[in-house]
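What follows is a predicted structure for the sequence shown.
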Amino acid sequence: MTLYAGQTKEIMPLDETDKQFLENLINQKVTTVNDSVTTVSDKVKALEHTVQLLTARLENMEAKFKTECEVSKVFRQRVHQLEEEVDDLQQYGRRYIARIEGIPAKKGESEDELFDAIKKGLQEVDYNLQRGDLANFHRSAKPRDIELASGEKIKTQQCMLKFYKWAPRVRLYGLNKKAKRKNVTVRANNDLTKRRYRLLNAARDQVNAAFGEQNEIFVYSDRSSNPKFHLPDNKAVSL
């Protein structure tokens, strides 16, 4: 049917059958949409529940990790403490041992010749070593070249002395100061554990970096084999 200007198409009224059909169709669509919304809502709730479970597990894992870190820290501190205690015991066991440096090296020397060389070196700093003072003595470390005050170069090799008693051992303290004043090569040092030797060298490196190598400011090992910082005017500060 063709419509001209000013004309409208007459809408036919729906009978009861058509109304019922449309109503059923709309109800079906609404039901389908509602079912979809319900399904989506259930999935969202399930996801939210999963997120809550995962969040709880994560918080639990974080709490356990924090606890394990704290326990690990305690264990590390305890291990460090035990290492220091073991080192103290090892160092205490070395208190009767001294390392004597600056003794001229000689190949194929006898035990008597070695003792005479050590005794002669110590006599330069007024220390009178007796054979009966020592439980054992021997060469140690590789020979090295040193230059004397006269400009002459000689090869020296360190010696290890183990004393029977504390009295002759303790008399070695102060020997290095006298050796410096007399400008002789002999030196007496404590027999340090590897840990204490590393600490001493690290402290010396820091002092040398800050002040340079000099006679008035330096780091040395005291009677207890702990590093000490020597200042001018004979002052000493524990490190």
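That came in fine, so what should we check first?

in the protein, which spans are strands?
Counting by DSSP state E, the chain has these strands, from start to end: 97-101, 134-139, 144-147, 153-156, 159-163, 187-190, 218-221, 227-231, 235-238.

Point to the residue nearest the middle of this protein.
The chain has H80 as the residue nearest its centroid, 9.7 Å off, counting by Cα atoms, centre = their mean.

Which residue ranges make up each domain of the protein?
For the chain, automatic domain parsing gives the domain ranges 20-92, 96-191, 192-239.

Let's have the ones you listed in a markdown table, adding mean pLDDT.
Shown next, in a markdown table, are the domains of the chain (pLDDT from 0 to 100):
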| stretch | mean pLDDT |
| --- | --- |
| domain 20-92 | 85 |
| domain 96-191 | 92 |
| domain 192-239 | 77 |
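
which other helices and strands contact the longest helix anywhere in the chain?
In the chain, with assignment by DSSP state H, the single longest helix is helix 16-92. Applying 3 or more Cβ pairs under 8 Å, 6 or more residues apart in numbering; DSSP states H and E, we find helix 16-92 packed against helix 194-211. The way it works is simple: take the backbone N, C-alpha and C, and place the C-beta from them, glycine included.

in the helix it packs on, what counts as buried?
Residues of helix 194-211 classed as buried under the neighbour-count rule (16 or more other Cβ atoms under 10 Å) are R196, Y197, L199, L200, A203, R204, V207.

just checking, what packs against that helix?
If contacts are counted by 3+ Cβ pairs under 8 Å, 6+ apart, helix 194-211 sits against helix 16-92, strand 218-221, strand 227-231.

Adding distance to R187, write those out as JSON lines.
Below are those laid out as JSON lines (distance: least, Cβ to Cβ, whole Å):
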{"stretch": "helix 16-92", "distance to R187": "19"}
{"stretch": "strand 218-221", "distance to R187": "11"}
{"stretch": "strand 227-231", "distance to R187": "15"}
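
For R99, find the nearest of the ones you listed.
strand 218-221 (10.4 Å; Cβ to Cβ).

The closest one packs against which elements?
Using 3+ Cβ pairs under 8 Å, 6+ apart, the elements in contact with strand 218-221 are helix 194-211, strand 227-231.

any chance of these in JSON lines, with distance to V51 too?
As requested, those are exported to JSON lines (distance: least, Cβ to Cβ, whole Å):
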{"stretch": "helix 194-211", "distance to V51": "52"}
{"stretch": "strand 227-231", "distance to V51": "58"}
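
do you know which of those lies nearest K180?
Of all these, strand 227-231 comes closest under Cβ to Cβ, at 11.8 Å.

relative to helix 194-211, how tilted is the closest one?
Orientation of strand 227-231 against helix 194-211 (axes from the mean of the first three to the mean of the last three Cα atoms, to 10 degrees) gives an angle of 20 degrees.

Give me the sheet partners of strand 227-231 and which way each runs.
strand 218-221 (antiparallel), strand 235-238 (antiparallel) (DSSP bridges).

what's the spacing between it and its chain's center?
Offset of strand 227-231 from its chain centre (Cα atoms, centre = their mean, to the nearest Å): 23 Å.

mind exporting that strand as CSV, just the C-alpha atoms?
This file holds the C-alpha atoms of strand 227-231, laid out as CSV (Å, rounded to 0.1, in the frame of the first residue of the first chain):
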residue,chain,number,x,y,z
PRO,A,227,94.4,-5.0,66.7
LYS,A,228,95.3,-1.7,68.3
PHE,A,229,95.6,1.8,66.8
HIS,A,230,98.9,3.5,67.9
LEU,A,231,98.8,7.3,68.0
